[in-house]
Each structure stands twice: as C-alpha cells, then as structure tokens.
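Engineer: 3D model of this:
(chains A and B)
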Amino acid sequence: MKTQFSVAKFDQKLQERWGEVMEEKKQCKGCGGALPFVIGFVAAVIAGWVLFPDLIYSKKTQPIRFSHKVHQEQGMECSSCHTFRDDGSFAGLPNNESCMQCHADVIGTDPAEVAYVEKYAKTGKEVPWLIYQYQPDNVYFSHKAHESFECKSCHPDVGKTDTPPVYYENRLSGYSKQTMKMWQCERCHAENGVSNACHVCHK
Amino acid sequence: MKAKEFNIKWGMVIDLDKCTGCGACMTACQVENNIAPMVDASNKLRTLSWMLVYELSNKKAAPDAEIAYLPRPCMQCGNPTCVPVCPVIATDKNEEGGIVSQIYPRCIGCRYCMAACPYHARYFNWEDPIFPKGMEKTLSPNTSVRPRGVVEKCNFCHTRLMKAKDKARQEGGNPEALADGAYMPACAEVCPTGAISFGDIKNPEHKVHELAKGENAYRLLEKLGLAPQVYYVSKREWVRKLGDNYAATGKAGAEKKHS
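Structural biologist: From the prediction side, this is the model:
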C-alpha cells in the first residue's frame, strides 16, 4: 500500500513539472521552429553541391590550346593522329614526331601553333598533355576490343571544339573528374552481354 | 556442386619428370607480377610466391631415395572454394577461359579465401611493397602493384591473355580462338626444360588437350572435387600418389573427371 501511495505522488509531481516545462516552452517561442532548420539545410546543400566540388577539384588547362576543329576541317579523322600500334595496343596521344610531320615549322597564323613549334617542336620536348580519361594503374583497358564503338561514345566530343575542355583534377586522388567510372564500364558490359569478371578490366 | 563450364578452359600441364626445381618459373612470376623483394624473406608465412616449387620425397633411404619438384600456381578451380567465401565479391570466376579473377582494391583483407584454398595458392600482403631504389623502373606494366592488406594469387598472367586477344584482333584473327602458344604465362614461357605446357584444354588444336588426358596425368587433391585447371604428369607412381595425398581411391592416379 505504501508503494502505491508513493507512485501516485511521484506521478503527480511529474505532471506538475511537465506543466512548468510547457510553460517555459511557450515563453521562448521564436528561438526554435522551422526557419533555422531551413537556413541550415540550404547552407549545407550549397556547401555540398556548389562549394565542395570547387574545392576538391583543381582546374587545369592544356599546355597548348589545341584546336581539334581546325584539324577536322582539314579532313582529318580521329584515327589520323590517335593510332593503333602493330601489336594492337593503342598509342593514345600523338607525339612530337607525328605533330611535326606538318608542324616542324609554323604553317599558320594561330599563336597557339607558334607556341607549340617554339616550345616543343624545336626543343624536342614532348607536350605534357592532360589526359581526361586517365585511369588508375589497376585498370586494364583495350581500345582494340572497343574499336567498333565511336570515339565520342566514351570520350568528350572534342572534334568540334576550338579550345580543349578544362581539366578537373581531384586534389585528393589526383585523378581526372572526367574519367570513366567503374559503374559506367559495368553497365555497358552488362547491357552487351560481356563478362564483368574482375580481370576483364583489372590487372 | 557442379563445376562452372566455359567454352575455353585455360589450363596448365606440368610434367614433374621434366621439372628440375630450378625455380625459373618462380622468378619469372615475381618479375611479371611486380612482387617486391623482401628484406627478410626467412619467414615463409609472410612471403609472396604466386608460383611456388615444392620438393617432394619418397622418404626412402639411399639408394632408393628419390625427389621430385612440384611447381604450384593457382589451380583456377572449376569449383573455386575461395570465391563463395569472399564477403565483398572481390574474387570471381565468371569469364570465358575459367581464370579465377580478383580485384585488389576491393579486397578487405579478411583472408577467408586463404583459409578456404586447399592449395595454399593465395597470399596476403603483410607489408607494403618496397622496391629497392632504381628497381621501380623495371616494374612490369602488366600488373598493378598491390598495397599492404590485400590478398593476391596467380592469375595465369591474365594481362598477357588480354594482349594476345588484342594482337589477334589487330591481325584479323579470332580473339576467342587463340592459336596454341599465342597466350603463355611467364612461368610457362621461361621454363628451361619445357616442363610447363599451357593452352586451352578444350581445344584439340592445343597440345595440352592431349597432355591432360594422358594416362599419367592427375590433379592435386582431386578427391575434393574442386576441378582444378592445372594438371600434373609423372610416370612415377609415388609422385602421383602424393598429389592425391594417398586418400582418394587408395590407388595412384585418381579418376579423371575432365572432358
């Protein structure tokens, strides 16, 4: 009986205290509510979607303002400069030797061409091009196996550009933002019935 | 459990009567697969040897004493025990040719696969690889260097397969029907006595097709039913018996389940 009595007393005290709390809450109306939450949310979204990507990627431009457009207008194909070697491996970007077949001396009026000839062709130094699609070392990719696709189905369509796109480098990993992601490789393989076993793309 | 079947089955046939135990296959493997030399390699539980040559003995006193050497790559089992135990699907047997593949960055280093593999073909990187100064220039572009904390194993020099396929494409051939010898792992290529043969076991035009069917051909621990893609050949009965650990049928040369 004694126990029941104290429980009832405790309950009563609790209700009294609850009433006081509600009273205090009513008094500080305006210091809580939806507005601070919305402000915080918007700030977080701006930080995450606008500021952070700018912070994590550094922007770089190509050493020479290479115009694919000018070259395409001369009737050149992608494969005129981006060639396969005899063993089926892909040579990637052309080296000085290829460029100098035409640009051993200045043949136009573009200042970018003059810069190329003076800085690289005449000194024999290779141009340190930035490669948008550069992959980590543990990735094996064969251009030969993907030859039936158009270049621009994976690469940015630079054929019509006068200025190469800005290169975004991840400050933490050092990799390009524009490179193909693993899920993109896997999706295309799955859609075309190609194996997605690890060693198909990794080494 | 039924072994996974593929149209192509890359396999190795190792003639133990030809193997002199010189270890060239081990060296070639380390070079091809960028395995860093260890400062102290005396603890054999921590060394990395995708290809390892074991010494077998008939345990008899002279003049009957005989030894044999047994090179052990990954068996690329038809029923790999390492694959289903991987909690992160970092290893997989899902490709034409049947090579058990692995992606190192995904491996979390739990080493379940090592415990599961009865051939001890898997190795754990206890240390970060450190190449002596200047040696990093000799690294092979065929294999990425693995960091500390991941498991690795022989993959029949898989990049060589990819390159052989590319070469076939360039020359107008069929990358899914490579000629005998077009794709050779480093160990098979370097073996000075020709003890290691390599090819597509299912392709009658490849010489391993016949070798694997030979009467003296057997596989290691065949009783486990893992259907390895590596075959051994020896005319010596005691060698063949050791391959099955004496336990399969009680007689040398276990039953052959391959096609």
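Engineer: Might you report the residue contacts of the nearest residue to B:Glu66 once chain neighbours are set aside?
Structural biologist: In this structure, B:Glu66 finds its nearest non-sequential neighbour in B:Asn58, 4.7 Å apart by Cβ to Cβ, 6 or more residues apart in numbering or on different chains. Glycine gets a C-beta too; all of them are placed from N, C-alpha and C. Contact analysis of B:Asn58 by Cβ atoms under 8 Å, 6 or more residues apart in numbering or on different chains lists B:Asp64, B:Ala65, B:Glu66, B:Ile67, B:Trp238.
Engineer: per-residue pLDDT, the fourth one?
Structural biologist: The reference is to B:Ile67. Looking at B:Ile67, its pLDDT stands at 93.
Engineer: Quick one: residues contacting it.
Structural biologist: B:Glu55, B:Leu56, B:Ser57, B:Asn58.
Engineer: Restricted to buried residues, select the residues you listed in PyMOL.
Structural biologist: Command for PyMOL, covering only those of those found buried under the criterion 16 or more other Cβ atoms under 10 Å in any protein chain shown:
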select buried, chain B and resi 56
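Engineer: which one of the contacts of B:Ile67 sits closest to B:Val83?
Structural biologist: B:Leu56 (28.4 Å; Cβ to Cβ).
Engineer: List the strands paired with the helix or strand hosting that closest one, with their directions.
Structural biologist: According to DSSP states H and E, B:Leu56 maps onto strand B:52-57. When sheet partners are counted by DSSP bridges, strand B:52-57 sits next to strand B:67-72 (antiparallel).
Engineer: Okay, buried residues for the partner strand please.
Structural biologist: B:Ala68, B:Tyr69, B:Leu70, B:Pro71, B:Arg72.
Engineer: quick check, distance from that strand to the centre of its chain.
Structural biologist: Centroid displacement of strand B:67-72 relative to its chain, using Cα atoms, centre = their mean, to the nearest Å, is 13 Å.
Engineer: Show me what the next helix or strand after that strand is packed up against.
Structural biologist: Sequence order places helix B:82-85 as the next helix or strand after strand B:67-72, per DSSP H and E. Judged by 3 or more Cβ pairs under 8 Å, 6 or more residues apart in numbering or on different chains; DSSP states H and E, helix B:82-85 is in contact with strand B:91-92, helix B:112-116.
Engineer: Spit out the contact partners of B:Asn7.
Structural biologist: B:Glu96, B:Glu176, B:Lys202.
Engineer: would a markdown table of those residues with pLDDT, neighbour count and distance to chain A be doable?
Structural biologist: As requested, these are exported to a markdown table (pLDDT from 0 to 100; neighbours: other Cβ atoms under 10 Å in any protein chain shown; distance: Cβ to the nearest Cβ, whole Å):
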| residue | pLDDT | neighbour count | distance to chain A |
| --- | --- | --- | --- |
| B:Glu96 | 88 | 16 | 7 |
| B:Glu176 | 89 | 11 | 11 |
| B:Lys202 | 92 | 20 | 17 |
